[in-house]
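Trainee: would you be able to build a 3D model of this:
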Amino acid sequence: MGVLSICMFEAVYATPIGTSTLSRMAATASDHGFSGIIAREQNMDSLNPDLQTISNEFEIKVFSGFEINEKNLSTLSGKINSNRNKTPLLCVRGGDAPTNLFISKQKNVDVLCHSLRNENNMSHVMAKEAAKNNVRLEVNLSDLLRGSGKNRIKSLHRLKKQWNIISAYNVPFVVSSNPTSHLELRSPRELMEVGRLIGMTPEDIETGLLEWGIILSKNIDNLSGIYANMGVKRGKYGDSN
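Mentor: Below you'll find the model as predicted:
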């Protein structure tokens, strides 16, 4: 198992998507006890060229991943296939039930994220497809951490339902607080406390944070050498020996 497989990661939105630079995110994540972060990019042409420099400065592993946000399913299929070999992490943003089901059937997708627009978007059929195709479902704790009032209560119900289905069908999953600012980053211990609200144990949260590294390790090993231009030094981070 690769070095990355035993590291807890957070997947962040740095500038220009978020409000904090990747360097600031890295510094704060390191202080919070994470071993690595992944910058979720939505434009393959604007990947941060300084990943290795940031990694060395803050002693934390730093990678770029790609998140596709496309509602036209025909176009989405093409984007998934054309970008699979360009990134060590391929996420696709879901939302409505048909899109979620479509994404869960795609073997080339690593993570189905932002899938809980409403409670009915999480189905047993979708869960079975995700498990069969090894598409991880994202347990997104951001609304519990930053929401309030009725919206927080609705999110709590949706996340409980999602976790019950994930558990029942043994669906692979990742955990994130979806930070768009360094101020929104929370430590693994804080996420473990929040996870209890939806029935997750501290071990479940740890598993979801470690899964990001497992994805990276597997993809870098499978596509050795492709990521050199993204700041990834395979000898340092991707060795499986």
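
Trainee: please count neighbours and contacts with C-alpha atoms only from this point.
Mentor: OK.

Trainee: what is the mean pLDDT for stretch 75-93?
Mentor: Throughout stretch 75-93, pLDDT has a mean value of 94.

Trainee: same check on stretch 145-165?
Mentor: According to the model, stretch 145-165 has a mean pLDDT of 92.

Trainee: need the contact partners of it.
Mentor: Stretch 145-165 is touched from outside by 116, 118-119, 122-124, 127, 139, 143-144, 177, 194, 197-200, with contacts defined as C-alpha atoms under 8 Å, 6 or more residues apart in numbering.

Trainee: next one: stretch 59-73
Mentor: The contact list for stretch 59-73 (C-alpha under 8 Å, 6+ apart) reads 26, 30, 34-44, 47-48, 51-52, 54-55, 76, 79-80, 87-94, 99, 102, 230-232, 237.

Trainee: just the buried residues of the helix or strand where Gln162 lies, please?
Mentor: Using DSSP states H and E, Gln162 maps to helix 149-169. Residues of helix 149-169 classed as buried under the neighbour-count rule (16 or more other C-alpha atoms under 10 Å) are 152, 154-156, 158-163, 165-166, 169.

Trainee: over to stretch 3-22?
Mentor: So for stretch 3-22, counting by 16+ other C-alpha under 10 Å, buried means 4-15, 17, 20-22.

Trainee: ok, now stretch 38-55?
Mentor: Quick answer for stretch 38-55 (16+ other C-alpha under 10 Å): Ile38, Ala39, Arg40, Glu41, Gln42, Leu47, Asn48, Leu51, Gln52, Ile54, Ser55.

Trainee: most widely separated two among the residues you listed?
Mentor: Farthest pair in those (C-alpha to C-alpha) is Gln42 and Ser55. Separation: 21.0 Å.

Trainee: ok, now which ones touch Glu193?
Mentor: Per C-alpha under 8 Å, 6+ apart, neighbours of Glu193: Pro202.
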